[in-house]
Each structure stands twice: as C-alpha cells, then as structure tokens.
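*Asks:* Structure here, sequence nowhere to be found:
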C-alpha cells in the first residue's frame, strides 16, 4: 500500500525505473493530474494529489537524468529538450498542487493529503551538494579581499525543489500535529543528508532543516531572493502603512479576525532567514550590498509612516504632503500594535542581517546607497527621527540591534551617550533582546 514506508520510494526501484512506454507514462500522469486539479469531489482530489506524490517518487530519477542530458549536451535535440522541459513542468505542477492544498485556510484533511504527497514525492531529497564558501582573492595593490560573483547552479530540477522546501517549512508550522509530523519525518529522512535527528521535535526540525538547506542552496539566485524576502518581508509602502496604522485608531471591532493558523509565528521564518544570512555564505556579497540599500529604504519608509501618526499631536513637516500628524492612542504606543510592529521589525531585521553579514565580509564601510550616502549616515538620520517618535520597547530593541550593526558598536555607544540615554542602562528587560529573539 502507499503507506507501507515513510518515504514512498525505494531508491533502487526508482533508479531502475524505465517505464516501458513513454506515452502510457504520460497518460497515467495526465489522468491523475486531472483528477487532482479538477475533480469535483474533494476526497478524490486529495487521493489524487497523494497518488501524484507516489508517481513522482518513481519518476524523479528519470526527470533529473532528462535535465542533465539537456544541460550537458552542447546542442540537445528537440526530444531531449522536450523531455527536460516536461520533467521540470511535472515537478512544478505537483508542487503547485501541494502548495495550494497546504494553505492554512484549507481543511485539515486537504493539508494532510498535501503533506503526504510532499513526503512521498522525494523532491525534498533533491538538494545539490553544498557549494562551499564564496570565491575570493586579494587585490594585488591594496591587499583588500575581493569577492567574486559566483552563483551556484542549484538543484537539477530547479525551482520546484526550492518551492517544495518552502511548503515544507510552512507545513512544519501547521496547527495540526499530524500534518507537522508527516513533514518532519520527511525532512529528517536520511536521504536528505541534512543531519536532522529522527527524534527531533517539529520546531527543532524546522530550525535545523532551514539552516541545512541554506548551506545546500547557498548563492543560488532563486534561493537568495527567497531568503531576502522572507527575512525583511514585503516592500514597505509609506502611505499604505500610514493608512493602515490610522485605521487602528478609527476602526472598532467587536471581535478581531481569527487567525487561520494559531500555531504559526510570523516572525519565526523571518528570524531563521536572518540568521542564515549572517551565518553562512548564503547570499553573494554583491547582492547583499544592493539589498542593504533596499532594506534601509524599507526602514526609512516605515519611519516616515510612524512619524505621520505619532502620538505627539504637534505639527511637523509632514509625510506625503500633509502638515499635521494623526494622533493614535494605543497602549504602549503605536508600535505595540502588530500593524506597525510587523513591517518595522521586519525591515529592521533585514537591515541588521545584511549589515552584520557585510561587516563579517570586511565590506561594511565600502558600500553606499544610490544617492551616494554611506549606510552609517542614513542610519543616523533614521535614528534621529525615531528618537522624536518614541518606539515601544520591542520595536526599540529591534532598531537598537539594527543601529549597532549599521553604525558600528563604538559609534553607536558615542551616539547614545550624547544625550545620556544609553540603552544598556535604561532599556531594562529589553536592553539585551537580540534580533533573533525567538531562536534564543
């Protein structure tokens, strides 16, 4: 039966797979795919998705061979190119169906079927070997370290493998224990070679697997994009954020909207991504230099939005052309509310991670924004504005960590001492809150 073993695949069996007739293989896959995507009965769709995972397990080796042949051949024929494209397309279709069924708002049995299909598909085991550290040499005249733009190739099947792992990370935070257990068992499989103990809890499995995948997919451009976006969140739109914050002071609800998934912690994956950026060569130095400027754009946009809705009702130069601030009365300050805290904290987290990684590479003082300003100068300007706003304790701790990384420990202490408000003396319980506090 399909549930006789945890993986749904005997590697020797998949290695010997040579389905006699390509047309019958195509027809089998097409039939099950149609049932999984379009059958009106939900139970049939769930069974078909799980069945597609089983079919993928016995085809994945041949899929990879098709891609290898097309990549290694200088002028691959039409048949070879078509076979490679079909392999990637089928893997992508399967992951798309799994992702659609994994959303927190989907019923529990649908999410469980998606988790089973992911576990059986063997796509999680298709990570490439770790590429090692980024190539670097010393400049012959200045003796400075020069980093080379050396993106890694990534998995043979490409982005479907990354998307499979993204779904796995999300399902490891599913509110249903059975769903988490299915994915944790698959992630800890020895075939993945990630070093995750089989008896690890689901949260420990998530942390260990995330770090291991960062090592295996280091400097692969699609993974770099995922890691950066997961860390700092979506781009901050100053005007839209200000409107959302203003709604907090206007909208009165009898009941808040209930979360689709009470088990998930929205900042956990962000902090895992931040730690991966700082602890591995997961992102190329040249990419981080560009992205740090964007991360500071996000902090500046969030700061401008906060400046426009400060609890201080005095007039200001304004944001978006307005001459006065909107007064928001929220216990502990507006950054105590998730609408403001989430975007600000994520933006600050991204700035901290990138600045920390670049400092470790020896490039901290060399990068500037598109306007020619040094990162430290931009951070000082942001800090000056935030001092007039007054951040809630957790938001203040998030910015303090980012500021230390951006300006430097010595300069930061001097800046704090100018007005006698050194955070280590006055921050109380929050003074030592780290940027990845959920992982501590």
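*Replies:* In hand now; what should we look at? Only a predicted model underlies this, so the values are computations on that prediction, with no experimental measurement involved.

*Asks:* any weak-confidence spans in this protein?
*Replies:* Under the criterion pLDDT under 70, the flagged ranges of the chain are 1-23, 74, 139, 141-146, 248-264, 310-332, 364-372, 409-428.

*Asks:* can you pull out the strands in it?
*Replies:* Along the chain, counting by DSSP state E, strands occupy 136-138, 145-147.

*Asks:* Report the distance from stretch 24-42 to the chain centre.
*Replies:* 31 Å (CA atoms, centre = their mean, to the nearest Å).

*Asks:* That should have said stretch 297-307, apologies.
*Replies:* 22 Å.

*Asks:* can you list contacts of that stretch?
*Replies:* 232-233, 235-239, 241-242, 245, 316, 319, 325, 334-335, 340, 343-344, 346-348, 350-351, 378, 382, 385-386, 388-389, 399, 402 (CB atoms under 8 Å, 6 or more residues apart in numbering). Backbone N, C-alpha and C define where each C-beta goes, glycine included.

*Asks:* Can you say which of those residues are buried?
*Replies:* Listed as buried from these are 232-233, 236, 238, 241-242, 245, 319, 325, 334-335, 340, 343-344, 346-348, 350-351, 378, 382, 386, 389, 399, 402; burial here means 16 or more other CB atoms under 10 Å.

*Asks:* so of those, which ones are in helices?
*Replies:* 232, 238, 241-242, 245, 340, 343-344, 346-348, 350-351, 378, 382, 386, 389, 399, 402 (DSSP state H).

*Asks:* List the contacts of stretch 348-360.
*Replies:* When contacts are defined by CB under 8 Å, 6+ apart, stretch 348-360 is touched by residues 228, 231-233, 270-271, 273-275, 277-278, 283, 285, 288-289, 291-292, 295-296, 298-299, 364, 367, 375, 379, 398-399, 401-402, 405-406, 435.

*Asks:* Pull out the buried members of these.
*Replies:* Buried among these by 16+ other CB under 10 Å: 228, 231-233, 270-271, 273-275, 277-278, 283, 285, 288-289, 291-292, 295-296, 298-299, 364, 367, 375, 379, 398-399, 401-402, 405-406, 435.

*Asks:* Please report the distance of residue 156 from residue 267.
*Replies:* 33 Å (CB to CB, to the nearest Å).

*Asks:* Likewise for residue 124?
*Replies:* 24 Å.

*Asks:* quick one, which of those two is more surrounded?
*Replies:* residue 124 (23 against 19; other CB atoms under 10 Å).

*Asks:* Report the separation between that one and residue 53.
*Replies:* 11 Å.

*Asks:* I figured residue 148 was touching residue 133, is that so?
*Replies:* No. Taking contacts as CB atoms under 8 Å, residue 148 lies outside contact range of residue 133: 11.0 Å.

*Asks:* what touches both of these two?
*Replies:* Common neighbours of residue 148 and residue 133, using CB under 8 Å, 6+ apart, do not exist here.

*Asks:* Name the nearest residue to the most centrally placed residue in the chain, ignoring sequence neighbours.
*Replies:* By CA atoms, centre = their mean, the chain has its centre lying nearest to residue 230, at 2.8 Å. Distances taken as CB to CB, 6 or more residues apart in numbering place residue 273 nearest to residue 230, at 4.1 Å, with adjacent residues excluded.

*Asks:* gap between the one you found and residue 58?
*Replies:* With CB to CB as the criterion, residue 273 and residue 58 are 34 Å apart.

*Asks:* Likewise for residue 192?
*Replies:* Counting by CB to CB, the separation of residue 192 from residue 58 is 18 Å.

*Asks:* same thing with residue 362?
*Replies:* 49 Å.

*Asks:* For the two, work out which one has more neighbours and name it.
*Replies:* The residue with more neighbours, out of residue 362 and residue 58, is residue 58; 19 against 13, by other CB under 10 Å.

*Asks:* quick one, phi psi at the more buried one?
*Replies:* Torsion angles at residue 58 (phi, psi; degrees, to the nearest 10) stand at phi -90, psi 0.

*Asks:* how much space between it and residue 244?
*Replies:* 49 Å.

*Asks:* do the same with residue 48
*Replies:* Distance from residue 48 to residue 244, by CB to CB: 40 Å.

*Asks:* got it, and residue 194?
*Replies:* Shown here: residue 194 relative to residue 244, a distance of 39 Å by CB to CB.

*Asks:* more crowded one of these two?
*Replies:* residue 194 (21 against 16).

*Asks:* Quick check, the more buried one in contact with residue 207.
*Replies:* No. With contact defined as CB under 8 Å, residue 194 and residue 207 do not form a contacting pair (11.5 Å).
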